[in-house]
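In: predicted model and sequence below, questions to follow.
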Amino acid sequence: MLIPAFTSRSRLLLFAPHPDDESLACSILLQRAVRAGVAVRVVYVTDGDDNPWPQRLLERKWRLSAADRRRWGRLRRTEALAALRVLGVNSSAARFLALPDQKLTAILMCNGQSALERFAPIIVDWEPTDLLAPSISDTHPDHSALAVMLRLVLSESFSEVVATGQMAVWSYAVHGRSSAFLDRAETICQSRLEAATKLQAIRCHKTQLKLSRKRFLGYAGRPERLIRLYACDKTIGDGSIVSVFRLPRSLRVEVRFSPKAMRLSESTLFVLGRDDAGALRCVRMRVPARSSRVEILDSASLGYVAGARYYGNAFAGQFTIPVSIFSSARAIFAKLERRSWFFDEAGWLEIPPTASQPITEAHRDQVEAGLATIR
Ligand SMILES: [Zn+2]
């Protein structure tokens, strides 16, 4: 099954990072779900309240207080409810979690467990047959961070219902043109009527049309795309990360920076996963574009690690970093953060457990030889 096959027994749970993502990426799907008599729940993770430029313009004031931002968040909730009504979804289907807008990556890296504990009960409570989540390849950092959070929740508590197909998990991308997403995504054909209704739903987000009218309305003509997620999907490189190769205790990362992106003097590599006790662990590393040394910023979390060497020239190379703090039986996630404005160059990569990646002895030696000297 490459796209959802809704029946009246289906239960759809859509996670939207911001009010408007339901309209931009899932309008056609929501209309079809409603027509099939599906029970729908839409969870808005943030209120999209950290959105200063349109707010300054619309409210004609430069300095925005916390109260101003809350008011903006309430306005965006109202717009989302109006858009849902256009799509045939009752307002009672919506839930708002009000996590901090533009801060989901920071939450994931610093206090991820608390966020995961918000999501698991929602999934338990709704018992979805189909779960729609943002893509980890989305270039909006809130989208990709939420995607990682949901994958962590699913692998921890729902792996059986996902493996047996009782719950199908689908991912959608809103921002960027990641080939890691587009190459695998299934396109959903839309009728003219469905597209017209989608346009009407997008128009409900008046605050967002103020500055990005053309881009926003353009989403109505773009087909919706989905990827069905399975456990242990192969990792596909994205952005500057060409490939990753995981061994039980190390991770080899091959990078190739585009000359255009060389303006950015350095990038930060995030690596995140669970340790053997199941606790979330994360590490940040500075990857300079023109130096030979990868600097591990949170050395305390890696214990004994001082650094890892970077092999290659200014534009391309590879480094091997120790990942022994992470459980080799669980997936780990990596992202090379290279931001321009508030978008990333690319989202996160999911790297399956080593148990699912059989390798030959010869290859193992070759990879281990790339390990840094550790003091
Ligand atoms: Zn969004």
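Out: On my side now, so go ahead. Computed from a prediction, not measured in an experiment: that's the story for all the values here.

In: going forward, measure contacts and count neighbours with C-alpha atoms only.
Out: OK.

In: which helix or strand contains V244?
Out: Here V244, judged by DSSP states H and E, is contained in strand 241-246.

In: which other residues reach that strand?
Out: 235-237, 251-256, 336, 351, 354, 357 (C-alpha atoms under 8 Å, 6 or more residues apart in numbering).

In: please save the CA atoms from whichever helix or strand comes after it in PDB.
Out: Later in the chain than strand 241-246, the nearest helix or strand by DSSP H and E is strand 250-256. Written as PDB, here are the backbone C-alpha positions of strand 250-256 (Å, rounded to 0.1, in the frame of the first residue of the first chain):
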ATOM      1  CA  SER A 250      31.700   4.200  15.300                       C
ATOM      2  CA  LEU A 251      30.000   6.100  12.600                       C
ATOM      3  CA  ARG A 252      31.700   7.100   9.400                       C
ATOM      4  CA  VAL A 253      30.300  10.300   7.800                       C
ATOM      5  CA  GLU A 254      31.200  11.300   4.300                       C
ATOM      6  CA  VAL A 255      30.500  15.000   3.500                       C
ATOM      7  CA  ARG A 256      30.700  17.100   0.400                       C
END
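
In: contacts for strand 250-256, please.
Out: 240-246, 315-324, 367-368, 371.

In: derive a ChimeraX selection command for the buried subset of those residues.
Out: Command for ChimeraX, covering only those of those found buried under the criterion 16 or more other C-alpha atoms under 10 Å:
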select :240,241,242,243,244,245,246,316,317,318,319,320,321,322,323,324,367,371
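
In: so where is the stretch 151-300 of the chain shaky, pLDDT-wise?
Out: 231-233, 258-266, 288-300 (pLDDT under 70).

In: all helices of it, in order?
Out: Applying DSSP state H, counting those that start in this stretch to the stretch 151-300 of the chain gives helices spanning 159-163, 179-182, 192-203, 206-218, 299-302.

In: okay, those, which one's buried deepest?
Out: The highest mean neighbour count among the helices of the stretch 151-300 of the chain, using mean count of other C-alpha atoms under 10 Å, belongs to helix 192-203: a mean of 20.

In: centre of the chain versus stretch 282-289, how much separation?
Out: 19 Å (C-alpha atoms, centre = their mean, to the nearest Å).

In: name the nearest residue to W72, ignoring sequence neighbours.
Out: What sits nearest to W72 in space, not counting adjacent residues and going by C-alpha to C-alpha, 6 or more residues apart in numbering, is D49, at 5.6 Å.

In: for the one you found, the count of nearby residues, please.
Out: 25 (other C-alpha atoms under 10 Å).

In: that one and D101 touch, don't they?
Out: Yes: under the criterion of C-alpha atoms under 8 Å, D49 makes contact with D101 at 6.1 Å.

In: want to throw the helices of the stretch 151-300 of the chain into CSV with distance to S23?
Out: Below are the helices of the stretch 151-300 of the chain laid out as CSV (distance: least, C-alpha to C-alpha, whole Å):
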stretch, distance to S23
helix 159-163, 26
helix 179-182, 19
helix 192-203, 6
helix 206-218, 10
helix 299-302, 40
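
In: for A145, find the nearest of these.
Out: For A145, the closest of the helices of the stretch 151-300 of the chain is helix 179-182, at 15.5 Å, according to C-alpha to C-alpha.

In: what lies in contact with the closest one?
Out: For helix 179-182, using C-alpha under 8 Å, 6+ apart, the contacting residues are 135, 137, 173, 225, 227, 236-238.

In: at 6 Å instead, please
Out: 236, 238 (C-alpha atoms under 6 Å, 6 or more residues apart in numbering).

In: what residues are up against the residue most central in space within the chain?
Out: Among the residues of the chain, S144 comes closest to the average C-alpha position under C-alpha atoms, centre = their mean, at 1.7 Å. Applying C-alpha under 6 Å, 6+ apart, we find S144 in contact with 136, 138, 347.

In: chain center to stretch 75-88, what's the gap?
Out: Using C-alpha atoms, centre = their mean, the offset of stretch 75-88 from its chain centre is 23 Å.

In: can you pull the buried residues of it?
Out: 75-84, 86-88.

In: what is the neighbour count of K234?
Out: There are 13 residues near K234, going by other C-alpha under 10 Å.

In: quick check: it vs T320, distance?
Out: The gap separating K234 from T320 is 19 Å, by C-alpha to C-alpha, to the nearest Å.

In: mind listing what's buried along the host helix or strand of S114?
Out: Here S114 sits within helix 104-126, counting by DSSP H and E. Buried residues in helix 104-126, counting neighbours by 16+ other C-alpha under 10 Å, are found at 104-105, 107-109, 112-113, 115-116, 119-120, 123.

In: would you mind listing the two of the residues you listed that lie farthest apart?
Out: Pairwise over the buried residues of helix 104-126, using C-alpha to C-alpha, the maximum falls at M109 and I123, 22.3 Å.

In: quick one: the helix holding S114 to chain centroid distance?
Out: Per C-alpha atoms, centre = their mean, the centroid offset for helix 104-126 relative to its chain is 13 Å.

In: how far is the next helix or strand after it from where the chain is centred?
Out: Next along the chain after helix 104-126, taking DSSP H and E as the criterion, comes strand 130-134. For strand 130-134, the distance from its own C-alpha centre to the chain's C-alpha centre is 11 Å (C-alpha atoms, centre = their mean).

In: which strands and helices sit next to strand 130-134?
Out: Judged by 3 or more C-alpha pairs under 6 Å, 6 or more residues apart in numbering; DSSP states H and E, the packing partners of strand 130-134 are strand 11-16, strand 168-172.
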